[in-house]
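Colleague: Predicted model follows, preceded by the sequence.
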Amino acid sequence: MRSDEEKDVREGEAQEPATDAAQARSADAGETLAKRNEELRACVDRLQHLQADFENYKKRVLRDMAAAEDRTSDREILAFLPLYDNLRRAFENHTRNQDTEGFVEGIERIFAQFAEILEQKGIAPIEGVGRLFDPARHEALLSVESDEEPSRILEEFETGYVRGGRVLRPSKVKVSKGKAPREDE
C-alpha cells in the first residue's frame, strides 16, 4: 500500500505545481482582461468626448454661418440704404414743391446710382433683343411668327442678370418662330 500512497503523494505534488501554474495563468488572464476592459472604457470615454466635441463643433459652425450670412446681408442693405434715402427725399421734395422736372432729374440720378452699385457688385444685365435665344440665360414667354430667323429674341419683358458668369435671374423674352408658311405653298 505504501507504493500506492507514495504514488498518490507524488501525483498530488505533481498536481500542485500544475494548479499553481493554472492559477497564475488565470490571474494573468484576469489582469489582462481587467487591463483590456480599462482600455476599452478609456476608448469609449474618449469616443464619447470626441462625439460631444463634434456635436458642439457642428453647432458652432451653424451659428458662425448664420452670423456670416447676417453680416453679408447687412453689407448689402447698407449699400442700398443711400438709394432709399435719396428716393424718400425726392418724393418729399416733389410733394412739398410740386417740381416734376426736378423730381425726374433726381430719379434719374438715383437710377444711375443704382446701376453703379450693381456694377460694383459684379452684376450685369443679360443682353436680349436681337440676340439668339439661350435657354440657360433666357426664359421664353412667347414664341411668335416673324420675319426674323427662328430663335431670335424679339422683345424683352423683364431683364435678366448675371454675376460672375452665373445667372441670377433669366431674361423673360418673346422669341421668333421664323416666317409663317405661305398658304400657296
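Modeller: Received, thanks.
Colleague: which stretches of the protein form helices?
Modeller: Along the chain, counting by DSSP state H, helices occupy 2-97, 100-120.
Colleague: just so I know, which of those lies nearest residue 176?
Modeller: For the helices of the chain, the distance to residue 176 is smallest for helix 100-120, at 29.2 Å, taking C-beta to C-beta. Any C-beta I mention is one placed from the backbone N, CA and C, and that applies to glycine too.
Colleague: Can you pull out the low-pLDDT segments for the chain?
Modeller: Applying pLDDT under 70 to the chain picks out residues 1-18, 21-22, 24, 180-185.
Colleague: Nearest to residue 142, out of the helices of the chain?
Modeller: Closest among the helices of the chain, using C-beta to C-beta: helix 100-120, at 27.1 Å.
Colleague: what sits up against that closest one?
Modeller: 79-80, 82-83, 86-87, 89-91, 93-94, 124, 161 (C-beta atoms under 8 Å, 6 or more residues apart in numbering).
Colleague: got a markdown table for those, with distance to residue 172 and neighbour count too?
Modeller: Below are those laid out as a markdown table (distance: C-beta to C-beta, whole Å; neighbours: other C-beta atoms under 10 Å):
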| residue | distance to residue 172 | neighbour count |
| --- | --- | --- |
| 79 | 26 | 13 |
| 80 | 23 | 12 |
| 82 | 29 | 13 |
| 83 | 24 | 14 |
| 86 | 28 | 16 |
| 87 | 25 | 14 |
| 89 | 32 | 12 |
| 90 | 29 | 18 |
| 91 | 29 | 13 |
| 93 | 34 | 14 |
| 94 | 31 | 16 |
| 124 | 17 | 14 |
| 161 | 12 | 16 |
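Colleague: right, and out of those residues, which lies closest to residue 135?
Modeller: Nearest member of the contacts of helix 100-120 to residue 135, counting by C-beta to C-beta, is residue 161, at 16.5 Å.
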